[in-house]
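[1] my questions concern the predicted model and sequence given below.
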Amino acid sequence: MVTDEELKAVYGMFTDAWKLYKKYADVQQEDEYWESLIAEADAVAKKHQNNKLCRDLILAAMSELERKSKDIQKMPQNDT
């Protein structure tokens, strides 16, 4: 049976992954954006002792941001 403490830890991981995604949801193409995202993702993982679930949640959020970035790059540039 899962304890309340374990559930709170999992809740914290989901919450922190969500906050990371939300903070970086406005995808930028600059190197500083990606460097900051990577540094903060690393800090979140360390906060949760590099728990596998936490790492997977972070990777899922980062993969979605990367997908959005690639979609933006594919869009034709508006030169007007």
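    Sure, I can see it. Residues are numbered from 1 along each chain as shown.
[2] A61: neighbour count?
    Around A61 there are 23 other residues, counting by other Cβ atoms under 10 Å. (Each C-beta comes from the backbone N, C-alpha and C, glycine too.)
[3] tell me which residues of the helix or strand harbouring it are tucked away?
    Per DSSP states H and E, A61 falls inside helix 52-74. For helix 52-74, the neighbour count (16 or more other Cβ atoms under 10 Å) marks 54-55, 57-58, 61-62, 65 as buried.
[4] any chance of these in a markdown table, plus pLDDT and distance to Q77?
    As requested, these are arranged in a markdown table below (pLDDT from 0 to 100; distance: Cβ to Cβ, whole Å):
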| residue | pLDDT | distance to Q77 |
| --- | --- | --- |
| C54 | 99 | 37 |
| R55 | 99 | 36 |
| L57 | 99 | 34 |
| I58 | 99 | 31 |
| A61 | 98 | 27 |
| M62 | 98 | 25 |
| L65 | 98 | 21 |
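[5] so what touches stretch 17-35?
    Here stretch 17-35 makes contact (Cβ atoms under 8 Å, 6 or more residues apart in numbering) with 36-37, 40-41, 44, 54, 57-58, 60-61, 64-65, 68-69, 72-73.
[6] quickly check these for the two that are furthest apart.
    Longest distance between any two of the contacts of stretch 17-35 is 28.8 Å, between C54 and Q73; criterion Cβ to Cβ.
[7] how much space between P76 and S69?
    The gap separating P76 from S69 is 16 Å, by Cβ to Cβ, to the nearest Å.
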